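S.K.: Got a sequence here, can you model it:
(4 chains)
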4 protein chains.
Amino acid sequence: MTNLGFVGLGVMGSRIAQRLLEAGHHVTGWNRTRAKAEWLTERGLRWADSPRDVATVADVTFTMVTDTRALHDVTGGERGLLAGLGEGKVYIDMSTVSPAASRELAVRVREAGARMLDAPVSGSVAMLEEGRLSLMVGGDPDVFERVGPILRNVGPTVTHVGPNGHGALMKIATNLGLAVQMLAFSEAVLLAEKGGIARETAVHVLTHSAIASPMVRYRGPFVLRQPAEAWFDVGMMQKDLRLALEAALEYGVPLPTTAATNEFLTAARSMGLAHHDFAIVFDVLAALAGVDVRGDGGEL
Amino acid sequence: MTNLGFVGLGVMGSRIAQRLLEAGHHVTGWNRTRAKAEWLTERGLRWADSPRDVATVADVTFTMVTDTRALHDVTGGERGLLAGLGEGKVYIDMSTVSPAASRELAVRVREAGARMLDAPVSGSVAMLEEGRLSLMVGGDPDVFERVGPILRNVGPTVTHVGPNGHGALMKIATNLGLAVQMLAFSEAVLLAEKGGIARETAVHVLTHSAIASPMVRYRGPFVLRQPAEAWFDVGMMQKDLRLALEAALEYGVPLPTTAATNEFLTAARSMGLAHHDFAIVFDVLAALAGVDVRGDGGEL
Amino acid sequence: MTNLGFVGLGVMGSRIAQRLLEAGHHVTGWNRTRAKAEWLTERGLRWADSPRDVATVADVTFTMVTDTRALHDVTGGERGLLAGLGEGKVYIDMSTVSPAASRELAVRVREAGARMLDAPVSGSVAMLEEGRLSLMVGGDPDVFERVGPILRNVGPTVTHVGPNGHGALMKIATNLGLAVQMLAFSEAVLLAEKGGIARETAVHVLTHSAIASPMVRYRGPFVLRQPAEAWFDVGMMQKDLRLALEAALEYGVPLPTTAATNEFLTAARSMGLAHHDFAIVFDVLAALAGVDVRGDGGEL
Amino acid sequence: MTNLGFVGLGVMGSRIAQRLLEAGHHVTGWNRTRAKAEWLTERGLRWADSPRDVATVADVTFTMVTDTRALHDVTGGERGLLAGLGEGKVYIDMSTVSPAASRELAVRVREAGARMLDAPVSGSVAMLEEGRLSLMVGGDPDVFERVGPILRNVGPTVTHVGPNGHGALMKIATNLGLAVQMLAFSEAVLLAEKGGIARETAVHVLTHSAIASPMVRYRGPFVLRQPAEAWFDVGMMQKDLRLALEAALEYGVPLPTTAATNEFLTAARSMGLAHHDFAIVFDVLAALAGVDVRGDGGEL
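M.R.: Now for the predicted structure:
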């Protein structure tokens, strides 16, 4: 049982915090929009007035925010998390940001006397609830050793992949696979459909086939019915692909299928679909295939 | 318990026949190279002298061969399977051939008084042995009804996807996903690796992540060590992609990631890697990334 | 001055025949639809009743038809061109067909005692009229030598590229460049346009830039106003890309930009644009970019 | 005749300055490495000790440097060009930088009392010497009017494309076409070559065909013999593609062939070819096609 802090209690963050509470930890939290996280206080979460306050009372503080800018917002400044860190404390960032940004932040954390890990998660809320989330962790081995048991409360699969920034890198490498798999899945469904197989049947077969990754099983049915709320939308996915493509340019790795897929996400944005789950690339491809995707008169 | 026949006892075919024997069926078999299937006679397989003889003694005959040409060889001619068919018999082809070729064969089977299903399987030998194979079946519903229980002895997931030829179509739609997923996986591994993460670590994380399809879990580790024997080589995969691209041209479905991936399989062949498992696309991409793939002095 | 024959007097064929007449040759012609070529009889063309009759009276006979099937139609059978060939005659095919089909035909021509060249042309009618057409010729050098002066009446650029079939191969290699250049041009125009530059201005600059090939200069302005009549439509271009992709599969050459472009031509067909000039790929890309291409209320 | 200034006298810049001298203008110049531009002083160029000094004596000052960083170096600081500008002066940047960077600089120029145009050039030194260069100009129309005659001394094709930054945008839109055309050209050559046509022959035919843009005519022969000195290398081209891809992401334009080509430039860098002319993408594709590019024992 440890004193934990959690900054960024959105869709995923709040559920991870809940899991930590259920594992028996004390958790102090903060979110930009308090109302969204109110339900957690009924489950034992204590509220703090700023990221700084969270870091002050916690031994181990987590952040999970949408991008590099949001990360700067909650870590920097007078009320920021860095101001609350100190000797012996550990800070774990679960956001998906550029490896370089993560490394820079780790330096500042060390200057504040504390230690940092980058520990982004791979998987949806559904996978979290099934206890099948995986964490890829960057940072010093001794720090990883210390907080490993806590991370496994979230995981269960937790892998130390290298020094600071490498967790972030591993995450964006993973996410390029999500986007490409979704477009390839869409190609398969549309090929079957235009050949005469019912879309429902094609989705059923594919989500039970050798290509049925957790992502395909979860997101594949979205081509039948897009979800009311997007947990990972086109904009967020393209942010990650951009990080991947930029890292690839720096390290010198050609990414042929990633680059091709990225252009379809751009198309999705230009066609007004930015706030849909990124499974909407199916609709972009369907438009090119002359298929009327939503016979219901156009949810889009 | 039924009198079954099995023509084409290669790597996958022989193991499916074994499974049918274990389920309690009588199985009569034939293979071009008898020696390869000898081990099955010890498990109860009866040997026949031709595909025709198999079809003559069996109520339900299966074929599983490498391509359309091989299918013509075992079905046509004096000693061919069609000559042994007759009223009341069922013929089930598990090969991956073009939907059109499959439909044409179904017509000839009906002319012989029998009925045909196309029932290709998705999955590796590993998935078969774990009992996680899936079958996509094309043909008339009443025939599917009759032999469904036998197919589920192979499966267990068995889906009727439409009339004759639709099983074949669903299979090639599935297989394009295999190829694309493997190239995208390679992109992810190389991005992680050139960014400083050990290849073993990257493979471990990715095979436990949201992109870990059965294919990725099975074939992903091949980028660490290519298998001694290829069960599905570059040539076979490219045969399937070609079927997919031709069907897509006919039906009017753009396949952007499939088309990009197909070019890498062509490259694999031109680089002398045609007989490796198609996971070797990793090596093609690695060459472009300037990565020395096999430090062991070059198995390639 | 030679006795020439011309079979296939379509848009391009008829203008080449006109050019041969203007160069002082006797030309006997045949076209499936006679009315389309009537205007040439006023310029001296003599009409024949069949391809066979053309070949009977001519020393050198040309064909220019749309595809392999049409080529079989005019060469085979009782009224076909092959039946009119004989010792000392030369047959020159200017169609774009597969290298293999061309080689096979050359064998049959030789069996008839005559000799064949494949001599497809690169360039539009506009380039022909400006005298800037180029011919790529496959066949034996001595035959090429004999009819070279006649070919240069069409050209003027005439290059002997190798034995039978190599002219056809060189042509499909050239044509993949046309398609890719058109899509890349569309990317450039749309990037400029969505960044705030008028489309007319972008087209003007690009058609006077380092990328301004004869194709770009001729076809670039089509993105401002599609032509009333398509001289080279989506279907014809995709036929050529298919020949290129099949040859590339056989010879083992990856064609990354060709494969990507081919998918956009498939999209054009599925969006109902098959009979437009292939410059219509601009509209396909514009749809993906969320650009209303034809503010005029939709010529499409 | 005007008092002109020229900062950045590299391969292209020095030849443009020479052209301005030949047109009868006074030209004062500065280059980071004076020795490289020494030959121009013999042709009338006067030397200044800093970009600031150039701008002080000139009415119209040009810059032509390699990238945004170099542009900041010559414009900012105590010895920078901005410090020498003032009322009534015009500053024309011919470098290829991001549209945003160009717009920002224009604001600072105006604060200094002067006016700016962005006027990048499209074309090689060869095209300049043949008098076939084209300029795409961004900025206010009245300024364009004033210095138009001077720009036409360089051009001759000079097009005003819009306000500040639009010249830069038009340039990167043009350059994506260069890269794609070169890769497509390589595909065509290799398809012909592996089909049996001599590479020299294929290059000859293609450089005289409908795809023969000025770029193709100039750079196509490089696949036979790479030039000793690269005037536009892989690194420079990829810098421009990156600007194009980033602008496309911002404006929402999918760039399928550009994205595919960019991955081949990344490959070229990773294969150690960064400092070759970007025509070296031919070698990257040839490696994938299993073709030994340089039989001479490997210049690469």
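
S.K.: The helix or strand hosting A:Val284 versus helix C:281-288: what angle between them?
M.R.: Taking DSSP states H and E as the criterion, the element that holds A:Val284 is helix A:281-288. Orientation of helix A:281-288 against helix C:281-288 (axes from the mean of the first three to the mean of the last three CA atoms, to 10 degrees) gives an angle of 150 degrees.

S.K.: Roughly how far does the residue in the stretch 101-250 of chain A that chain C sits nearest to sit from chain D?
M.R.: For the stretch 101-250 of chain A and chain C, the shortest gap (CB to the nearest CB) falls at A:Lys194, measuring 8.2 Å. All C-beta spots, glycine's among them, are computed from the backbone N, C-alpha and C. Remark: distance between A:Lys194 and chain D (CB to the nearest CB, to the nearest Å) = 21 Å.

S.K.: Surely that residue and A:Val291 touch.
M.R.: Yes: using CB atoms under 8 Å, A:Lys194 is in contact with A:Val291, at 6.9 Å.

S.K.: show me what contacts the nearest residue to the residue of the stretch 101-250 of chain A closest to chain C once chain neighbours are set aside?
M.R.: Excluding the flanking residues, the one nearest A:Lys194 by CB to CB, 6 or more residues apart in numbering or on different chains is B:Tyr251, at 3.9 Å. Contact analysis of B:Tyr251 by CB atoms under 8 Å, 6 or more residues apart in numbering or on different chains lists A:Leu191, A:Lys194, A:Gly195.

S.K.: Give me the subset of these lying in strands.
M.R.: When DSSP state E is applied, the contacts of B:Tyr251 are split such that none fall in strands.

S.K.: Turn these into JSON lines, columns for neighbour count, distance to B:Pro256 and pLDDT.
M.R.: Shown next, in JSON lines, are the contacts of B:Tyr251 (neighbours: other CB atoms under 10 Å in any protein chain shown; distance: CB to CB, whole Å; pLDDT from 0 to 100):
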{"residue": "A:Leu191", "neighbour count": "27", "distance to B:Pro256": "12", "pLDDT": "98"}
{"residue": "A:Lys194", "neighbour count": "20", "distance to B:Pro256": "15", "pLDDT": "97"}
{"residue": "A:Gly195", "neighbour count": "23", "distance to B:Pro256": "18", "pLDDT": "96"}
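
S.K.: What is the burial count for A:Arg146?
M.R.: 15 (other CB atoms under 10 Å in any protein chain shown).

S.K.: Would you mind giving the secondary structure of it?
M.R.: Following DSSP: H, G, I helix; E, B strand; the rest coil, the label given to A:Arg146 is helix.

S.K.: Mind listing residues that contact the helix or strand where A:Ala100 lies?
M.R.: When elements are assigned from DSSP H and E, A:Ala100 belongs to helix A:99-111. Contacts to helix A:99-111, defined as CB under 8 Å, 6+ apart, come from residues A:68, A:71, A:75, A:82, A:85, A:91, A:93, A:115-116, A:118, A:138-139, A:164-169, A:172, A:247, B:195.

S.K.: in that helix, what's buried?
M.R.: Buried residues in helix A:99-111, counting neighbours by 16 or more other CB atoms under 10 Å in any protein chain shown, are found at A:Pro99, A:Ala100, A:Ala101, A:Ser102, A:Arg103, A:Leu105, A:Ala106, A:Val109.

S.K.: repeat for stretch A:43-62
M.R.: A:45, A:48, A:50-56, A:58-62.

S.K.: Those residues into a markdown table, with extra columns for secondary structure?
M.R.: Below are the buried residues of stretch A:43-62 laid out as a markdown table (three-state DSSP):
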| residue | secondary structure |
| --- | --- |
| A:Leu45 | coil |
| A:Ala48 | coil |
| A:Ser50 | coil |
| A:Pro51 | helix |
| A:Arg52 | helix |
| A:Asp53 | helix |
| A:Val54 | helix |
| A:Ala55 | helix |
| A:Thr56 | helix |
| A:Ala58 | coil |
| A:Asp59 | coil |
| A:Val60 | strand |
| A:Thr61 | strand |
| A:Phe62 | strand |
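
S.K.: Kindly present these as a markdown table, with separate columns for distance to chain B and pLDDT.
M.R.: Shown next, in a markdown table, are these (distance: CB to the nearest CB, whole Å; pLDDT from 0 to 100):
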| residue | distance to chain B | pLDDT |
| --- | --- | --- |
| A:Leu45 | 27 | 96 |
| A:Ala48 | 32 | 96 |
| A:Ser50 | 33 | 97 |
| A:Pro51 | 28 | 97 |
| A:Arg52 | 32 | 98 |
| A:Asp53 | 34 | 97 |
| A:Val54 | 29 | 97 |
| A:Ala55 | 28 | 97 |
| A:Thr56 | 33 | 97 |
| A:Ala58 | 27 | 97 |
| A:Asp59 | 27 | 97 |
| A:Val60 | 22 | 98 |
| A:Thr61 | 24 | 98 |
| A:Phe62 | 20 | 98 |
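
S.K.: centre of the chain versus stretch A:195-204, how much separation?
M.R.: 30 Å (CA atoms, centre = their mean, to the nearest Å).

S.K.: What of stretch A:255-274?
M.R.: That offset, for stretch A:255-274, works out to 19 Å (CA atoms, centre = their mean).

S.K.: ok, now stretch A:272-287?
M.R.: The answer for stretch A:272-287 is 19 Å, by CA atoms, centre = their mean.

S.K.: first to last residue in that stretch, what's the distance?
M.R.: 13 Å (CA to CA, to the nearest Å).

S.K.: any idea how far the residue nearest to A:Lys194 is from chain D?
M.R.: 21 Å.

S.K.: Angles on the backbone of that residue, please.
M.R.: Backbone geometry at B:Tyr251, expressed as degrees, to the nearest 10, gives phi -90, psi -10.

S.K.: what about the nearest residue to A:Glu200 once chain neighbours are set aside, neighbour count?
M.R.: Among residues not flanking A:Glu200 along the chain, A:Leu224 sits closest, at 6.2 Å (CB to CB, 6+ apart). Neighbour count for A:Leu224, taken as other CB under 10 Å: 13.

S.K.: State the pLDDT value of A:Leu224.
M.R.: For A:Leu224, the pLDDT comes out at 96.

S.K.: before we move on, the earlier item: out of the contacts of helix A:99-111, name the ones that lie in helices.
M.R.: A:Thr68, A:Leu71, A:Thr75, A:His166, A:Gly167, A:Ala168, A:Leu169, A:Ile172, A:Ala247 (DSSP state H).

S.K.: Tell me the spacing between the first one and C:Ser122.
M.R.: According to CB to CB, to the nearest Å, A:Thr68 and C:Ser122 sit 51 Å apart.

S.K.: What of the fifth one?
M.R.: The span separating A:Gly167 from C:Ser122 equals 54 Å under the rule CB to CB.

S.K.: residues of stretch A:66-85 that come out buried?
M.R.: Buried, per 16+ other CB under 10 Å, within stretch A:66-85: A:67-68, A:70-71, A:73-75, A:80-85.
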